[in-house]
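Trainee: model the following, please.
(one chain, ligands or ions: 2)
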Amino acid sequence: MKEVKPDGAALRYWPTWLSEDEQVWWWRWLEENPWQQYTLRLFGRAVPQPRLSLWYGDHAYRYSGLMLPSTPWPEPLARLRDRVSLATGYAFNSVLLNLYRDGSDSIGWHSDDEPELGPTPAVATVTLGECRPLLLRRVSDHSCREARWLQPGSLLLMAPGVQSQWQHSLPKTRRSVGPRISLTFRLLHPGR
Ligand SMILES: O=C(O)CCC(=O)C(=O)O
Ligand SMILES: [Fe+2]
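Mentor: Ligands and ions are numbered 1, 2, ... in the order given. Reported below is the predicted structural model:
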């Protein structure tokens, strides 16, 4: 496990957290799930998100203007959630999954700072498929940047404190890249 502390905000990274067999199993299992391309309304225009999404959680989640309903956990995903909690030391009750089909899929700069996540959320990400860089930049100085190449089978923890000081993004790339899936585990406090 490598520990990096950009300015007191901790990122913890486990590069080989899932075995290759587990990664293959998860990819096949996730392929059978009902992925959706959500559409956001931005300035009155309908903009399809440049990625597919999937959501499981104990509570509904308002995310980027969407309302994701509460959904029962499939058994394997509940077990993975518990393993992520054990490894990181944080409890999670929801997971937002992203499928980046190729290099033109991406996620723009943001912090995971919805009110339901509380003031100091921990977010844990499991990566499958293509190795792509997660970029981080300081909220107070956008020129202060880091890149973390998240390899397949890895686990990344953005510990409490990261979201208020840093934004993250997964940029488009013109390189020819295969699909990547991220499972981002979160703890929602309903009614915030
Ligand atoms: O795919 C990733 O690793 C990042 C996803 C992300 O930032 C999010 O779902 O909020
Ligand atoms: Fe995020």
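
Trainee: which residues of the protein lie near ligand 1?
Mentor: Residues of the chain lying near ligand 1 by Cβ under 6 Å from any ligand atom: 96, 98, 107, 112, 125, 134, 168, 170, 182, 184. Yep, even glycine has a C-beta here, placed from its N, CA and C like the rest.

Trainee: report the two of those residues separated the most.
Mentor: Greatest spatial distance in the residues of the chain next to ligand 1: 96 and 134, 14.7 Å, computed using Cβ to Cβ.

Trainee: just put the residues of the chain next to ligand 1 in CSV and tack on secondary structure and neighbour count.
Mentor: Formatted as CSV, the residues of the chain next to ligand 1 follow (DSSP: H, G, I helix; E, B strand; the rest coil; neighbours: other Cβ atoms under 10 Å):
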residue, secondary structure, neighbour count
96, strand, 20
98, strand, 20
107, strand, 18
112, coil, 17
125, strand, 22
134, strand, 20
168, strand, 23
170, strand, 20
182, strand, 22
184, strand, 18
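
Trainee: most distant residue from the middle of this structure?
Mentor: The centre of the chain is farthest from one residue, residue 44, which by Cα atoms, centre = their mean lies 26.8 Å away.
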